[in-house]
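Participant: sequence unavailable; structure follows:
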């Protein structure tokens with residue numbers, strides 16, 4: 001059995017959680033995301049994967065609330081990357097950046113809890129070294145992706 005939870009979307013636009021054998025709301029799907037539960041949403045008739053569309057719908061709902069994450073100029077810049085030769089590199093950059101941000105948040109939280117037991121300067125030195133390592137890796141990946149695009153004639 002797969003670790004991935006299966007959610008079926010029916011023509012009546014309702015979402016059915018096959019693990020819990022009940023209909024769920026979009027808010028409950030958001031809670032699955034927040035709890036890091038792996039899932040996939042499929043169309044009940046065609047079995048087309050609808051996961052991205054559902055996640056985008058959740059983001060739209062969140063963005064229409066009081067504290068949006070994305071500004072209009074930021075969204076305009078995102079739109080300009082679609083179809084651009086650097087789309088894959090930009091997508092990779094965003095993914096790596098978000099991963100880096102999450103790792104930094106975890107590390108900062110862990111370090112702040114134990115900071116009073118050790119030397120605070122050691123923490124900042126380690127953080128700086130990890131940042132430099134990450135940025136070097138990200139730069140290498142970006143250049144490799146851009147070089148691959150040029151080789152394929154996309155740039």
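Facilitator: Yes, it's here. This one's a predicted model, so the numbers in the text were calculated from it and none came from an experiment.
Participant: mean confidence for stretch 147-155?
Facilitator: Mean pLDDT, stretch 147-155: 67.
Participant: stretch 6-16 now?
Facilitator: 95.
Participant: what sits up against that stretch?
Facilitator: Residues outside stretch 6-16 that contact it (Cβ atoms under 8 Å, 6 or more residues apart in numbering): 17-19, 22-26, 29, 39-45, 50, 54. Bear in mind the C-beta positions are built from the backbone N, C-alpha and C, glycine included.
Participant: what count of nearby residues applies to residue 123?
Facilitator: Residue neighbour count, defined by other Cβ atoms under 10 Å, stands at 17 for residue 123.
Participant: number of residues surrounding the nearest residue to it once chain neighbours are set aside?
Facilitator: Using Cβ to Cβ, 6 or more residues apart in numbering and skipping residues adjacent in sequence, the residue nearest residue 123 is residue 111, 4.8 Å away. Residue 111: 16 surrounding residues under other Cβ under 10 Å.
Participant: correct me, but residue 93 touches residue 139?
Facilitator: No - if you go by Cβ atoms under 8 Å, residue 93 and residue 139 don't touch, sitting 9.9 Å apart.
Participant: quick one, helices of the protein?
Facilitator: 26-34, 51-63, 72-81, 87-114, 120-151 (DSSP state H).
Participant: quick one: which of residue 93 and residue 139 has more around it?
Facilitator: With neighbours defined as other Cβ under 10 Å, residue 93 and residue 139 compare such that residue 93 has more, 16 against 11.
Participant: tell me the pLDDT of the more buried one.
Facilitator: pLDDT at residue 93 comes out at 89.
Participant: so what's it up against?
Facilitator: 138, 142.
Participant: gap between it and residue 78?
Facilitator: 12 Å (Cβ to Cβ, to the nearest Å).
Participant: next: residue 19.
Facilitator: Counting by Cβ to Cβ - residue 19 and residue 78 are separated by 33 Å.
Participant: per-residue confidence for residue 66?
Facilitator: 79.
Participant: tally of neighbours for it?
Facilitator: There are 4 residues near residue 66, going by other Cβ under 10 Å.
Participant: now residue 9
Facilitator: 19.
Participant: residue 89 contacts residue 144, correct?
Facilitator: No - between residue 89 and residue 144 there is no contact under Cβ under 8 Å: 9.1 Å.
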